[in-house]
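Trainee: All I have is the shape, not the residue letters:
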């Protein structure tokens with residue numbers, strides 16, 4: 001029987017590690033095989049906002065077009081936004097976060113919950129914040145350690 005491919009979403013922190021060192025975004029040997037990679041629209045927004053030069057912008061636009069053509073861009077729907085509000089409220093109570101701290105976590109909560117909805121593993125370098133989210137909503141999470149994946 002054929003094995004169904006795993007689904008994965010890379011957090012912004014993983015993409016940034018590739019972009020900062022000029023790495024090939026296609027060098028994804030750390031992913032489980034076989035894997036279908038999805039792009040979170042939240043991650044794309046974070047990457048695009050931080051793009052500082054035309055080369056990076058062109059790379060990101062090409063990346064987005066590729067995921068869009070494959071129909072693998074995931075976007076928070078109204079249910080995810082509602083759940084995100086619940087999770088953020090609970091995180092604020094549990095950890096004593098002020099509004100600014102919760103605003104910083106909003107994107108991570110949206111990424112986690114949208115990935116959870118499609119059954120995807122989230123790969124991140126920002127394990128601490130995602131672990132806090134997992135205290136309230138279970139989802140698949142794997143840490144990406146850049147030093148482990150250099151050639």
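Mentor: Noted; the coordinates are in hand. Model, not experiment: these values are computed from the prediction.

Trainee: Excluding its own residues, what touches the top helix by length along the chain? List them.
Mentor: If you go by DSSP state H, the chain has its longest helix at helix 99-118. Residues from elsewhere that reach helix 99-118 (Cβ atoms under 8 Å, 6 or more residues apart in numbering): 7, 9, 11-12, 38, 40, 42-43, 45-46, 74-77, 79-81, 83-84, 87-88, 91-92, 95, 97, 121-122, 126, 129-130, 132-134, 137-141. From N, CA and C alone the C-beta is placed, and that goes for glycine too.

Trainee: mind listing the strands for this protein?
Mentor: With strands called from DSSP state E, the chain shows them at 6-10, 35-40, 73-74, 121-124, 141-143.

Trainee: Out of the ones you listed, which is closest to residue 54?
Mentor: Residue 54 lies closest, by Cβ to Cβ, to one member of the strands of the chain: strand 35-40, at 20.9 Å.

Trainee: now the angle between helix 99-118 and the closest one, please.
Mentor: Relative orientation of strand 35-40 versus helix 99-118 (axes from the mean of the first three to the mean of the last three Cα atoms, to 10 degrees): 140 degrees.

Trainee: pLDDT below threshold where in the chain?
Mentor: Along the chain, the parts satisfying pLDDT under 70 run over 1-3, 22-33, 100, 146-151.

Trainee: repeat that for 50
Mentor: 148-151 (pLDDT under 50).

Trainee: Next, the angle from the longest helix of the chain to strand 6-10.
Mentor: Going by the same axes, to 10 degrees, helix 99-118 is angled at 160 degrees with respect to strand 6-10.

Trainee: Give the buried residues for helix 99-118.
Mentor: Applying a neighbour-count criterion of 16 or more other Cβ atoms under 10 Å, one finds 102, 105, 107, 108, 109, 110, 111, 112, 113, 114, 115, 116 buried in helix 99-118.

Trainee: Next up, the contacts around the closest residue to the fifth one other than its chain neighbours.
Mentor: Just to be clear, that refers to residue 109. Nearest non-adjacent residue to residue 109, counting by Cβ to Cβ, 6 or more residues apart in numbering: residue 84, 4.7 Å away. The neighbourhood of residue 84, defined by Cβ under 8 Å, 6+ apart, consists of 76, 106, 109, 110, 113.
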